[in-house]
Each structure stands twice: as structure tokens, then as C-alpha cells.
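J.: no sequence on this one, just coordinates:
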């Protein structure tokens, strides 16, 4: 019988493979598109993100997490979610199809009307795979999700670059997203053993609605919060400003998604399975927290360290204005995997109400601050956004402490050593390379000095999480050779 520890390790391994491959592919295709397109092209699609994200959240309605949180799930549960999601997706698309001219009027750009109607097809297509994705997620089928996402990313990326090369500007970015969604959902159907039936019974939704409805409201506010900057920049500034922010946010997301994606792929199911014993759940949480901090802080501080060289080398100096924005976002990105872990724990305990109200207050705080400070420019708005999100980690911790007894001292012991070591090695790498004139050599020098310094400290300090990762990789390799 496979133990919880083995399930977690396998899930994290396949999460690392999947997210690592996806970030590399996103990087390569992102470089190609950024070289072919300009900030206005990215801004055109970026201004619509808040609408697609909100509609997508409504059609999913929190039922993926609700299904994962149930001890037993029947066919009728998946079937009800499938038909609900499909009907909701179709209804939202029809509504936004007719509202597209008003969206274009809001931003003062009539080109957005046909583009919006095209982009909004994404959440309609996604609605056909909500139940299948929930099935894979609940059963920790991370390998199967990787098999669906990576090929879809390759094909969709190639389609987007080809259209951009042909001079179709922002239509290439929009098509890339649609092709990815379509292929991913098609693969979910192929890799999932569950199939819908023509039984229109929505009674199972009532049993999950108390939990899922709070998640729905929470996710709506989260999407509004995450995409608020793009919407406000589009309203108060130019599409080019939105494009600069969108490009910065994209690189930041690629940085932290590798770790947070691994955590998200296993955290809620694993923490739910370990919920019978509080001490066991605390032990699992702390180990995952150390793992997240061990990877996240050096990755994100390293991205901030090399941001200028990376942007110029990868997508040319026309994108230099996004460097300070990216460096600021990286500070928040370092904490995202920790926040992801905390919120997954709260959800796994069924505390969706606390998760909901906490997120609502955070989102409203962000909205007020961003509107107040918009007259001071983009950099100030981004800085306020980052400070609020990092500061809110203390609020999430308060509820985590109530759930499993994680004290502030425990969290500090798990997180701060990795954060301080990563900060120290990053500063040393910056100091050691600041006199290197050649941008390529400076970039290589920063990466090499930062990585070598961090790994050396981990090795000589005998960090347990570092030793566990090395042992797992070696044992996995030896097992494959024996097989």
C-alpha cells in the first residue's frame, strides 16, 4: 500500500517535472513573442484578463476543491459539477459577448470588441473539463496532468509564435491561450477514467454548495485582486503601460510558479488525508513549508538579482522599463508558495468561510490603496500591492496557528534561515559581479556566484531539507537503474 509520504513525494516529483517543463517552455515561447510583439500588443490582451479570470472562476465555482475535500465522491457528484460548469460557462460567454462593446468603451479602444469575443471563448472551452480536472486533482494524478499540459503548451506556443511572426500581433497571444485550453481539456478527458452521463441531477451540488460557494466568492475576489493592476493601468494609463506590467508579472509568475505549482498539486489532498491527527498534520505542514522556502527564496531573489541582464538578453532593451517592476514583484513572489501552503491548509480543514472573508478584506484593502495611489505612478502602485500581500502573511499565519498550532517561532525557524541565506548570497553575488562590463558575462557570473554560494551554505550547514532532496533524487535514480 502506498503511504501518504510516498504519495506526497511522487506528487512533488511530478509537480516539479511538470512545472519545470512548463516554465522552460513558457520562457522560450515568451522570449520569442516578446521579441516579435510590443508592449501595446500585450496590453490589449492584458486589459481583458480580469474579465476572463472572473468568468472562469464563476464557471468552476469552487467545486474542484469541494470534490477534493470530500471523504467519498460518487459519479453523481462529478456529473452534477460537469453539467453545472458547462451551463455556467455557456451563460457567461453569451453575457460577455454582448457586453464586449461596453468593455471597449470603458478602455476607449474599439479594437477590444472583436478581441474580447475571441478571448472569452477560453472559459467556455474550459468549462467542458472542470469535472475531469477535479478527478485528476482529487486522486493526486499529477503525472497525468503533466502529460496533458506540457504537449498542449508546446503546440499552443508554436501557434502563437507563428501568428505573431505572420504579423497578427495580439491575435497570436489570444490564440496561444485558446489552443492551450482546448488541448489541455481534451487530454483531461483522455487521461481521466470518469465520463459524464445524461443525468440532470443537481442535488449533489447542494451538499457541496456551503463549502464551494465560499470558495467561489473567495476566488472571485482573488482574481479581481490579482488582475486589478492591469485593469486600473488600462483605465488610467496606456495599453503600453499595461503591457510593461503584464510582461513583468509574467516573468514573476514563471519564477514562483515552479514551487507554488508543486505545492498546489499535492497540498490540499495531502493535508486533508493527514487531518485525522493534528500533530501529524503539523509535521506535514512544516516539512512542506521548509521545502517551499528552500526553493522559493533563492529562486525569486536570484530572479530579482539578474532581472536587468535577463530582460535585455532575452527580449531586448525595449522592455527595460519593466525591470524595476519585476524586481519589486519578485519580493512578493518569494512568499507566494508559503501563502499557497497556508491557504490550502485552511481549505483542507473546511474553513472556507475564514478563507473567504480573509481574501475579501485583503482584496478590498488592495483596491482602496491602488486607487488612492494611482496618481503617483505605476511603480508606487506595484510597491503598495507587494507590501500589502507580504504583510497579509501574518493574518494567514494567525488562522494556521488556530488550525494546527503552528507558532510564529516555528514558522520563523522554518522560513527565515532560507530567506536570510538566500538574501546574503544574492548580495554577495551582486557585489562580486558589479564591475563586469559584458552583460552576458555579468549574467553568468551572477547566476554562478548566487547558486554556488547558496548550495555551499546548504551543504556545510547540513540543512536537513537539502539532504532529503538529494537522498530522494539519488534513491529514485538507483531504483530506476534496478528496475
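T.: Perfect, I can see it now. Quick caveat: nothing in here was measured; it's all calculated off a predicted structure.
J.: contacts for whichever strand or helix holds residue 114?
T.: Secondary structure assignment for residue 114, by DSSP states H and E: helix 112-119. Helix 112-119 is touched from outside by 44-45, 47-48, 51-52, 96-97, 100-101, 103-104, 170-171, 174, 177-178, with contacts defined as C-beta atoms under 8 Å, 6 or more residues apart in numbering. In short, each C-beta sits where N, CA and C put it, glycine included.
J.: Repeat that for stretch 124-137.
T.: Against stretch 124-137 from outside (C-beta under 8 Å, 6+ apart): 56, 59-60, 63-64, 67-68, 78-79, 81-82, 85-86, 88-90, 92-93, 141, 144-145, 178, 181-182, 184-186, 188-189, 191-194, 196, 265, 269.
J.: Which pLDDT value belongs to residue 60?
T.: We have a pLDDT of 73 for residue 60.
J.: does it really touch residue 86, like I thought?
T.: No. Contact criterion C-beta atoms under 8 Å: residue 60 and residue 86 do not qualify, at 11.4 Å.
J.: neighbour-wise, which of these two wins?
T.: residue 60 (25 against 18; other C-beta atoms under 10 Å).
J.: which residue sits closest to that one, ignoring its sequence neighbours?
T.: Nearest residue to residue 60 in three dimensions, chain neighbours excluded: residue 130, at 5.4 Å (C-beta to C-beta, 6 or more residues apart in numbering).
J.: in what helix or strand does residue 172 lie?
T.: Assigned by DSSP H and E, residue 172 falls in helix 170-191.
J.: Would you mind getting the angle between that helix and helix 112-119?
T.: Here helix 170-191 runs at an angle of 20 degrees relative to helix 112-119 (axes from the mean of the first three to the mean of the last three C-alpha atoms, to 10 degrees).
J.: Okay, residue 449 and residue 251: tell me how far apart.
T.: Distance, residue 449 to residue 251, by C-beta to C-beta, to the nearest Å: 21 Å.
J.: more crowded one of those two?
T.: residue 251 (26 against 19).
J.: Please list all residues in contact with the more buried one.
T.: Residue 251 is in contact with 30, 303, 307, 310, 311, 322, 326, counting by C-beta under 8 Å, 6+ apart.
J.: Keep only those of these that are in strands.
T.: Among the contacts of residue 251, no member is found in strands (DSSP state E).
J.: okay, the residues you listed in JSON lines with pLDDT and distance to residue 40 next?
T.: Formatted as JSON lines, the contacts of residue 251 follow (pLDDT from 0 to 100; distance: C-beta to C-beta, whole Å):
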{"residue": "30", "pLDDT": "81", "distance to residue 40": "17"}
{"residue": "303", "pLDDT": "93", "distance to residue 40": "25"}
{"residue": "307", "pLDDT": "93", "distance to residue 40": "22"}
{"residue": "310", "pLDDT": "90", "distance to residue 40": "22"}
{"residue": "311", "pLDDT": "92", "distance to residue 40": "18"}
{"residue": "322", "pLDDT": "88", "distance to residue 40": "14"}
{"residue": "326", "pLDDT": "93", "distance to residue 40": "19"}
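J.: could these go into a markdown table alongside neighbour count and distance to residue 424?
T.: Formatted as a markdown table, the contacts of residue 251 follow (neighbours: other C-beta atoms under 10 Å; distance: C-beta to C-beta, whole Å):
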| residue | neighbour count | distance to residue 424 |
| --- | --- | --- |
| 30 | 20 | 30 |
| 303 | 22 | 17 |
| 307 | 23 | 19 |
| 310 | 21 | 21 |
| 311 | 22 | 25 |
| 322 | 26 | 27 |
| 326 | 26 | 22 |
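J.: before we move on, back to that, and the average pLDDT for the helix holding residue 114 is what?
T.: 93.
J.: can you check stretch 438-452 too?
T.: For stretch 438-452, the per-residue pLDDT averages 93.
J.: Could you do stretch 180-191 as well?
T.: The average pLDDT for stretch 180-191 rounds to 90.
J.: For the stretch 51-200 of the chain, give me the ranges with low pLDDT.
T.: Across the stretch 51-200 of the chain, the ranges flagged by pLDDT under 70 are 65, 69-71, 140.
J.: Tell me where it has helices.
T.: For the stretch 51-200 of the chain, the helices defined by DSSP state H, counting those that start in this stretch cover 63-69, 75-107, 112-119, 121-126, 130-138, 142-165, 170-191.
J.: and residue 376, which of those is closest to it?
T.: Closest of these to residue 376 is helix 75-107, at 21.6 Å (criterion: C-beta to C-beta).
J.: got the angle for that closest one vs helix 130-138?
T.: Put simply, helix 75-107 runs at 110 degrees to helix 130-138, going by the same axes, to 10 degrees.
J.: helices or strands up against helix 75-107?
T.: helix 49-60, helix 63-69, helix 112-119, helix 121-126, helix 130-138, helix 203-236 (3 or more C-beta pairs under 8 Å, 6 or more residues apart in numbering; DSSP states H and E).
J.: Off-centre distance for the third one?
T.: Computed by C-alpha atoms, centre = their mean, to the nearest Å, the chain-centroid distance of helix 112-119 equals 24 Å.
J.: Same check on the longest one?
T.: Between the mean C-alpha point of helix 203-236 and the mean C-alpha point of its chain there is a distance of 15 Å (C-alpha atoms, centre = their mean).
J.: Show the average pLDDT along the helix or strand hosting residue 261.
T.: Per DSSP H and E: residue 261 is located in helix 239-273. What helix 239-273 shows for mean pLDDT is 75.
J.: Thank you, goodbye.
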